[in-house]
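> mind folding the following:
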Amino acid sequence: MLGQSKSVSVATALLLCYSVGQIASTGWWLFQLSGKASCPLDNEGAWSIGIYKGTSPFSLQPLENHEPQERTPVAWPVANPVLTCASVGDVPSSFVADPFLWQHHSGLYLFYEVKNLAKGRGEIGVAQSTDGGATFKHLGVVLDEPWHLSYPFIFGYKGQIYMLPEASGSGQLQLYRAKSFPLHWVLDRVLLERPLVDASPVQWAGRWWMFASDPRRRSARNLGELEVWHADSPLGPWEEHALNPVVNGAPHLGARSGGRPLVYEGKLYRFGQDCGETYGHKLVAYEVTKLTPTEFKQEPARLALAGPASSIGDEDKLRWNSARQHHIDVQQLPSGEWVAAVDGDRVPSGAISRELLRCAGRALWPWLTLCAAWGALRLAARRSPAVRRWLLAGPAARLLGRSSKLGAKLGLLAQHKRDDSDDVEQQHGASDAKNGKGGSVTSIRIKADGAGLAYAAQQQQEAQGAGSWWGRGWGRVSQRRLRVGSPTLAGPLSPRSSFRQTTMLRRAPAWAIALAVASVAAACLAAVGGGLYVRPYVMPYQAIPVEGQFSQFTLVSMSYEARMPTLRHMVRHYSRCPSVGEIVLVWNKGRPPNPETDFDSAVPVRVRVEPLNSLNNRFKVDHLIRNRAVLSLDDDIIMPCGDIERGFAVWRQQPQKMVGFFPRLMEGSPLVFRGESYSIGRGLYNAVLTGAAFLDSWTAFPAYWADAVAPARATVDEVFNGEDLLMNFVLANRTHHLLAAAGASEVRRRRQEQEELRGQMMAGQHHQGQRRQQQHSLQRRRQQQQQHEEGKRQHEEEVDWLPDSAIEFIAPTRRVDISKLSGVGISRNFERFKQQAGHYLANFTATFGYMPLESLPHKWTEQSRPPFCAIGWLGCTYLN
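Numbers count the residues shown, from 1 in each chain. Okay, here's the model as predicted:
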């Protein structure tokens, strides 16, 4: 056992490692957000804009849930958000917010605030949609002033189009007019010499009314003040309401305007911001039941808008609007359908500041706790004799080591002199008092309190020092801090005594010091290494746009009753990934679970009970699957959401591929199954396992259940294995025929272009000029593809280009296969599995008449490095 002082040093070093690890972890989080996110970091938030549709302005669904689904060549369906800061290419932006819609001729235009990071203030941008709001194209920044601009309220009056932005920094309420819609605007007039915020005019009962806030009004409550102004014309002059401010209360009351007022079915409604928990927390609606120049009254109205997590029960899912939602503009399209532009944020206001404060708290709390406990102990010991007795002679003394050093630090010995019942005696050996030579015994007895409790301490020094160095540090009195002439003793100690030499611990051996240092270093490395390995699993991730658009996929997993504990964890983890739209559990045997009570899921869960226990059920055609993209996933595979999002983005560029995370290699004659470590070593793969792979449910599932594949499916049922490799055969055979029809040269050219595009997308270099070139190139390729496959496509509404191969392997950053650790996997015995694989591979080859699998090279980069595969039974470990 180490000495007491050395134990304290080790504990201090461990606490220091913990604090440094917390600071390093937060620094890495900030670096990840600023370096890999689509938009730069901003403490104001990460606002983006989504579209909702419905049959009523008070019953709206997100774009991805609306029927019929909106689809584009890279999104099936299109999912919110439709506009983010990554969509803005002409200025460096960190977020877009405050959207207002305007219908003009055959187009739908969207005006919004753009946070310009270079200038540190808001500007007004505009985007256009030609497909009813499914997608928007940013046209540019149309209004820029020396002060902050936001809330670009658009309205029409007498054939002119006006914009009334929030420009409180100018001290005025300024009205702009479109000189050339939508890009050119000029200042028309100043409506009021007041810095009104979020001014929202509306025509009601033959008069124009304007709801706004004036934070500079005397006694105005922050985010809780509402004013009403009225006029005969929106151009003014405006008169103040007699009751202003009509609302001046708590921030959660929704006083601050949250979008365009709405006249619906003869009633007037206004939207407000509930800022109770954080700025812009959520939207609230009010029906204005009384509005005259001298009266104002409003009543809460129900707003059925699927918004932040608190309203739809997925508070742990990091959606684009999971934290905040503070603006809405609802308009009716010529078709009669209602469309709404809504902004949302995935993080609360001041997220960076709070994370830094949390980091400081986590790093400092052990030290603050120790200091508080030490201070409390000192105070209690000075004021309570009982505490002193407990410290000097009780269990605490045995735990901490009976040391007068402890007593001196606590101020106890000085306190004993002030106690009335203290009786201090000091005895010196005659020889020691005479010449201070070693070998004598010094004895000190302190009788404390009337109860007669005695604290006895003895110290002995031998000429050559007997005993072990670690034994003396515990259970012994150390008088090192008691100086000669200490006022706590009846008489002074002899200056000639060998007191200091007799009380000091001997120097520890070198091997003990080395062991202590190595232990501390190992603990620090283990803590830091474990934190870095686990961090990708717990850090938040954003969905990755493809051509500026987002989409969703369905997670399909096959399981049964005995695997429920693993399944619960899998559902909870993956349901929080941003692009997961639903989870379908294929139930092969046992009592099926209740999706409502048995799972903690942020997305809908559906259990599909199968009458026959077959691995082929994984790829059964299911018309209830909502999304084209399907992630086939084993319930014992755990990967970070960031890897899932990255694989989904790669798959969306070529949806006829299968994009997976487990590479394999089949080679030889007859075919021999080779595992991942062999594939990595050879630098080749020609199959990816469907235990974690993206597929096209529109084409891959029907092809798997084709009549010609029936003999191979029967073999899968016979050996109860091989369905993943059979899917590789099916897709490779289909791709082989498609590529043969298209021509090899065209395929090679297309492959090179797509690899360049993918590299640019995954690196996050989305500049406006590059995006336009990419979109032009993609359009050209799609037109050529339509010419090649016209009349052959199973779905006329989809516009895809040919895949360059049937499969693609994506190296994960982390990957844990629980079956390798638990032994529950059906392929746990690898040698037996290889024998079975040889049998069904031969059958698959006979079914198709040839071996269609094409070997592809592994492509490793700095962001995608080869894994560590030394432990064969454990599989390969990725640390990217």
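> next one: whichever strand or helix holds W229 to chain centre, how far?
Here W229, judged by DSSP states H and E, is contained in strand 225-231. In terms of CA atoms, centre = their mean, to the nearest Å, the centre of strand 225-231 is set 41 Å apart from its chain centre.
> for the next helix or strand after it, name the packing helices and strands.
Next in sequence after strand 225-231, counting helices and strands by DSSP H and E, comes strand 239-240. Contact partners of strand 239-240 among helices and strands, from 3 or more CB pairs under 8 Å, 6 or more residues apart in numbering; DSSP states H and E: strand 225-231. All C-beta spots, glycine's among them, are computed from the backbone N, C-alpha and C.
> what helices and strands are in contact with the strand it packs on?
strand 207-213, strand 239-240, strand 247-248.
> that one pairs with which strands?
Sheet pairing of strand 225-231 (DSSP bridges) gives strand 207-213 (antiparallel), strand 239-240 (antiparallel), strand 247-248 (antiparallel).
> what's next to the last one, contact-wise?
Meaning strand 247-248. With CB atoms under 8 Å, 6 or more residues apart in numbering as the test, strand 247-248 has contacts from 219-221, 224-226, 253, 255.
> return the set of buried residues in stretch 132-145.
Neighbour-count burial for stretch 132-145, with 16 or more other CB atoms under 10 Å as criterion, is recorded at 133-138, 141-143, 145.
> beyond the helix or strand of the chain with the lowest mean pLDDT, next helix or strand please.
Least confident element among the helices and strands of the chain, by mean pLDDT, DSSP states H and E: helix 309-312 (a mean of 36). Downstream of helix 309-312, the next assigned helix or strand under DSSP H and E is strand 324-332.
> which one of the helices and strands packed on strand 225-231 lies nearest to V288?
strand 207-213 (8.6 Å; CB to CB).
> from the middle of its chain, how far away would that closest one be?
That offset, for strand 207-213, works out to 40 Å (CA atoms, centre = their mean).
> in that strand, what's buried?
208-213.
> want to throw those residues into JSON lines with distance to H184?
Output for the buried residues of strand 207-213, formatted as JSON lines (distance: CB to CB, whole Å):
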{"residue": "W208", "distance to H184": "26"}
{"residue": "W209", "distance to H184": "29"}
{"residue": "M210", "distance to H184": "25"}
{"residue": "F211", "distance to H184": "28"}
{"residue": "A212", "distance to H184": "26"}
{"residue": "S213", "distance to H184": "29"}
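> between these, which sits nearest P334?
Closest to P334, out of all of these and judged by CB to CB, is W208, at 25.4 Å.
> now do the closest one, the pLDDT please.
Confidence at W208, expressed as pLDDT, is 97.
> quick check: beta-bridge partners of it?
Bridge pairing for W208 - DSSP bridges - gives Q203, A231.
> name all residues that make contact with it.
By CB under 8 Å, 6+ apart, the neighbours of W208 are 201-202, 230-234.
> SS state for R576?
Per DSSP: H, G, I helix; E, B strand; the rest coil, the local secondary structure of R576 is coil.
> of the buried residues of stretch 132-145, which pair is most distant in space?
So, the buried residues of stretch 132-145 by CB to CB: farthest apart are A134 and E145, at 32.2 Å.
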